[in-house]
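K.L.:
Just to be clear, the model below is a prediction. Sequence and coordinates:
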Amino acid sequence: MIEASLKDLAAALRAGTLSSVELTTLFLDRIDALNPSLNAFITVDRDGALTAARAADARLAAGTAGPLTGIPLAHKDVFCTEGVRTTCASRMLENFVSPYDAHVVSQLKAVGAVMLGKTNMDEFAMGSSNENTHFGPTKNPWNTGRVPGGSSGGSAVAVAARLAPIATGTDTGGSVRQPAALTGVTGIKPTYGVVSRYGMIAYASSLDQGGAFGRSAEDCALLLSAMAGFDPRDSTSVERETEDYTRDLGKPLAGLRIGLPKEFFAEGMDDDVRAATEAALDQYRQLGATTVEVSLPNAKLAIPAYYVIAPAEASSNLSRFDGVRYGHRAPEYGDLADMYSKSRAQGFGAEVKRRILVGTYVLSHGYYDAYYLQAQKLRRLIAEDFIAAFTQCDVIAGPTSPTVAWPIGEKSDDPVQMYLQDIYTIAVNLAGLPGLSLPCGTGANDLPVGLQLIGNYFDEARLLNVAHGFQQTTDWHRRMPAVG
Ligand code: GLN
């Protein structure tokens with residue numbers, strides 16, 4: 001059962017060969033057995049999950065179930081959940097219990113999905129390895145000495161190790177796609193504005209976007225269909241008809257034009273990643289797609305632009321954690337300023353402090369024009385490159401990550417090395433485009449390699465179709481790490 005697709009699970013639930021309580025218990029027991037070694041979950045809500053499963057079983061019996069009714073899932077611990085703590089993997093929010101649900105959480109509750117718990121992440125979604133967490137690093141199930149990627153690493157590991165069939169994540173610069181690549185699962189970040197940010201604790205608001213993890217593109221399509229939707233409580237939520245993202249899954253790929261950005265295929269990626277990427281492109285050619293070279297000349301400026309814009313927004317967003325309204329308050333302090341300063345010094349980890357300092361600096365008088373304004377101009381140029389490229393192709397493909405999963409600790413003392421891991425993903429967020437990563441092979445030490453597909457605005461259904469076509473003729477997405 002832990003191997004089954006969402007479609008098969010839903011069919012078994014409807015047929016009554018399996019109840020949601022049984023299915024939920026299966027995953028809860030697996031979490032109990034495997035989470036001590038993987039550390040994918042920060043909080044497990046057994047009682048809440050079983051209560052939701054019983055309600056789902058009643059809906060199934062009444063014949064009012066949808067495709068996700070009774071299906072267990074995990075939420076990244078950045079989404080607020082009423083009554084269950086939401087930590088953002090920070091000491092600052094270690095004991096914070098939100099009085100309301102994020103839009104994504106309420107949407108999934110409404111369709112009868114069953115939340116198992118909240119997953120580990122880089123603190124406030126800042127990181128690429130899941131090492132920046134107050135709750136200890138998450139381990140990659142393919143090799144527990146290695147990182148799973150980040151910042152949604154806990155959700156990626158939960159799906160890779162089958163601790164949950166599907167999970168939510170967020171992607172500000174690659175945090176769904178990169179951990180999906182490093183753990184061998186499928187992950188999609190939709191167009192900015194498709195998923196509401198209401199109740200999704202903010203890192204860099206103009207870049208943050210909720211996304212979906214599953215074993216397959218089909219599972220991601222089902223999850224995204226439930227997560228997405230207009231929400232007036234998020235001013236950047238896009239007012240569009242709700243979509244069924246599974247609608248194009250079966251379309252043939254003959255005639256598909258895949259753009260290959262020459263800058264992505266120059267130096268930068270490891271040889272094993274290159275070999276797996278090339279093999280996947282060959283597979284697409286066999287399926288009838290053609291490849292065409294495109295150019296993203298400003299993509300190389302994405303990392304510097306991002307590391308001005310994201311910290312600037314973070315420094316503003318994180319000013320709300322001051323020890324007064326919610327979160328950690330220093331037990332001892334002098335005056336009010338001392339209380340703010342001690343609470344923040346104790347509550348935030350090193351990477352979060354680094355970003356607040358950088359952000360405050362680039363926004364300060366005298367530097368704003370030189371850094372922040374310049375970065376915003378680069379952002380526009382990067383988006384225009386993509387718009388031009390999409391006149392020549394339907395989707396863009398390339399590697400998701402320049403390397404396979406690396407040993408825990410290897411890059412944690414070198415922030416710039418860590419930032420470079422997002423070299424292929426960050427431009428997509430700056431442009432606001434949808435991106436997907438699917439497992440496409442293995443590299444050194446048999447570790448998973450991900451292929452990134454980038455689509456035009458609101459072309460999620462096509463991205464999922466292109467990924468699904470590959471998964472119909474390959475079995476990389478079915479491979480499972482040897483855990484438990
Ligand atoms: N690794 C990038 C960062 O640290 C992206 C993280 C994300 O997408 N949340 O900011």
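P.N.:
Looks like it arrived, so ask away.
K.L.:
only C-alpha atoms for contact and neighbour calcs from this point on.
P.N.:
Noted.
K.L.:
Show me the strands in the stretch 351-484 of the chain, by range?
P.N.:
395-399, 435-442, 448-455 (DSSP state E, counting those that start in this stretch).
K.L.:
wait, which of those is closest to residue 221?
P.N.:
Closest to residue 221 of the strands of the stretch 351-484 of the chain is strand 435-442 (Cα to Cα; 11.1 Å).
K.L.:
Now do that closest one: which elements does it pack against?
P.N.:
If contacts are counted by 3 or more Cα pairs under 8 Å, 6 or more residues apart in numbering; DSSP states H and E, strand 435-442 sits against helix 177-183, strand 186-189, helix 271-286, strand 448-455, helix 460-473.
K.L.:
if we go to 6 Å?
P.N.:
strand 186-189, strand 448-455 (3 or more Cα pairs under 6 Å, 6 or more residues apart in numbering; DSSP states H and E).
K.L.:
quick revisit: right, so of the strands of the stretch 351-484 of the chain, which gets closest to the ligand?
P.N.:
strand 435-442 (12.0 Å; Cα to the nearest ligand atom).
K.L.:
ok, the closest one: who's next to it in the sheet?
P.N.:
Using DSSP bridges, the strands paired with strand 435-442 are strand 186-189 (antiparallel), strand 448-455 (antiparallel).
K.L.:
Please work out which of these is packed deepest.
P.N.:
The highest mean neighbour count among the strands paired with strand 435-442 belongs to strand 186-189 (a mean of 34), with neighbours defined as mean count of other Cα atoms under 10 Å.
K.L.:
Could you check that strand against the ligand for contacts?
P.N.:
No: using Cα under 6 Å from any ligand atom, strand 186-189 never reaches the ligand; the gap is at least 9.9 Å.
K.L.:
ok and the helix or strand following that strand relative to strand 435-442, angle-wise?
P.N.:
Using DSSP states H and E, the helix or strand that follows strand 186-189 in sequence is strand 210-214. Relative orientation of strand 210-214 and strand 435-442, computed by axes from the mean of the first three to the mean of the last three Cα atoms, to 10 degrees: 30 degrees.
K.L.:
partners of strand 210-214, with directions?
P.N.:
strand 166-170 (antiparallel), strand 186-189 (antiparallel).
K.L.:
hang on, the earlier thing: any idea which of the strands paired with strand 435-442 gets closest to residue 287?
P.N.:
Minimum separation from residue 287 across these (Cα to Cα) falls at strand 448-455, 15.8 Å.
K.L.:
Now do that closest one, average pLDDT.
P.N.:
For strand 448-455, mean pLDDT rounds to 98.
K.L.:
Need the residues that contact it.
P.N.:
181-182, 184, 395-400, 434-442 (Cα atoms under 6 Å, 6 or more residues apart in numbering).
K.L.:
circling back to that earlier point, so can I have a markdown table of the strands of the stretch 351-484 of the chain showing distance to the ligand?
P.N.:
Putting the strands of the stretch 351-484 of the chain into a markdown table (distance: least, Cα to the nearest ligand atom, whole Å) gives the following:
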| stretch | distance to the ligand |
| --- | --- |
| strand 395-399 | 16 |
| strand 435-442 | 12 |
| strand 448-455 | 15 |
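K.L.:
if we compare those, which one ends up closest to residue 323?
P.N.:
Nearest of these to residue 323, taken as Cα to Cα: strand 435-442 at 36.7 Å.
K.L.:
now that closest one and helix 460-473, what's the angle there?
P.N.:
10 degrees.
K.L.:
pLDDT (mean, whole number) over strand 435-442?
P.N.:
Strand 435-442 comes out at a mean pLDDT of 98.
K.L.:
One more: stretch 156-168?
P.N.:
Rounded mean pLDDT across stretch 156-168 is 98.
K.L.:
now the end-to-end length of that stretch.
P.N.:
Counting by Cα to Cα, to the nearest Å, you get 9 Å between the two ends of stretch 156-168.
K.L.:
what residues does that stretch touch?
P.N.:
27, 30-31, 40, 73-76, 155, 179-180, 185, 211-214.
K.L.:
picking that back up, any idea which of the strands of the stretch 351-484 of the chain gets closest to residue 253?
P.N.:
strand 395-399 (11.5 Å).
K.L.:
Return the alpha-carbon coordinates of that closest one using PDB.
P.N.:
Taking Å, rounded to 0.1, in the frame of the first residue of the first chain, the C-alpha atoms of strand 395-399 are listed here in PDB:
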ATOM      1  CA  VAL A 395       8.700  24.100 -22.200                       C
ATOM      2  CA  ILE A 396      12.300  24.600 -21.000                       C
ATOM      3  CA  ALA A 397      14.400  21.700 -19.700                       C
ATOM      4  CA  GLY A 398      17.600  21.400 -17.800                       C
ATOM      5  CA  PRO A 399      19.100  20.100 -14.600                       C
END
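K.L.:
Next, the buried residues of it.
P.N.:
395, 396, 397, 398, 399 (16 or more other Cα atoms under 10 Å).
K.L.:
And the pLDDT at residue 326?
P.N.:
pLDDT, read off for residue 326, is 86.
K.L.:
Could you export the strands paired with strand 435-442 as a markdown table, including distance to residue 385?
P.N.:
Converted to a markdown table, the strands paired with strand 435-442 look like this (distance: least, Cα to Cα, whole Å):
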| stretch | distance to residue 385 |
| --- | --- |
| strand 186-189 | 20 |
| strand 448-455 | 13 |
